[in-house]
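A.B. asks: return atomic coordinates for the entry below.
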Amino acid sequence: MIKRIWHGWTTPDNAEAYYEILTSVVIPGIEAKSIPGYLGIEVLQRDLESEIEFITVMSFRSRNNIIAFLGQDYERSYVPDAARTVLKRWDQTAQHYELCTSRNCEG
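C.D. replies: Next up, the predicted model:
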């Protein structure tokens, strides 16, 4: 399994708007693509006082599933225009990690 991790930051005033866009537009849009091997997404949030950090952790069965989603340049960020309107800044690329269990890595 591959975990795709991405970070974005908003102002405190835009945090609720970004969360709403993420959960009502971005995530449903990803799920509507019916990407083979896509297993879901988790959203994490942290208050840094002057900004709010969001982390998304997407799960895929394999790196090939991520390539099916984004193409050969699969490390690039996926940030739809609606999200860009309320984000202050974001990672230009995502990080990809193999899930390791019992000293065995799957990927």
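A.B. asks: only C-alpha atoms from now on, for both contacts and neighbour counts.
C.D. replies: OK.
A.B. asks: I'd like to know how far Phe69 sits from Tyr38.
C.D. replies: 9 Å (Cα to Cα, to the nearest Å).
A.B. asks: likewise Thr23?
C.D. replies: 17 Å.
A.B. asks: so for Phe69 and Tyr38, which residue has more residues nearby?
C.D. replies: Tyr38 (21 against 18; other Cα atoms under 10 Å).
A.B. asks: the more buried one contacts Arg63, correct?
C.D. replies: No. In this structure Tyr38 lies outside contact range of Arg63 using Cα atoms under 8 Å: 10.4 Å.
A.B. asks: name the residues that touch stretch 38-50?
C.D. replies: 11-12, 27, 52-61, 65-66 (Cα atoms under 8 Å, 6 or more residues apart in numbering).
A.B. asks: which of those count as buried?
C.D. replies: 11, 52-61, 65-66 (16 or more other Cα atoms under 10 Å).
A.B. asks: sitting in strands, which of those do you find?
C.D. replies: When DSSP state E is applied, the buried ones among the contacts of stretch 38-50 are split such that 52-60 fall in strands.
A.B. asks: just flag the most distant two among those residues.
C.D. replies: The largest separation in those, counting by Cα to Cα, is between Ile52 and Phe60 at 26.2 Å.
A.B. asks: per-residue pLDDT, the most centrally placed residue in the chain?
C.D. replies: Nearest residue to the geometric centre of the chain (Cα atoms, centre = their mean): Thr56, 3.8 Å. Confidence at Thr56, expressed as pLDDT, is 98.
A.B. asks: and it, what does it touch?
C.D. replies: So Thr56 contacts 4-7, 41-44 (Cα under 8 Å, 6+ apart).
A.B. asks: how close does it sit to Asp47?
C.D. replies: In terms of Cα to Cα, Thr56 sits 15 Å off from Asp47.
A.B. asks: same question, Thr93
C.D. replies: Taking Cα to Cα, one finds Thr93 at 22 Å from Asp47.
A.B. asks: ok, now Asn65?
C.D. replies: Taking Cα to Cα, one finds Asn65 at 32 Å from Asp47.
A.B. asks: now do stretch 60-71: everything it contacts.
C.D. replies: 1-4, 35-40, 73-74, 76, 107.
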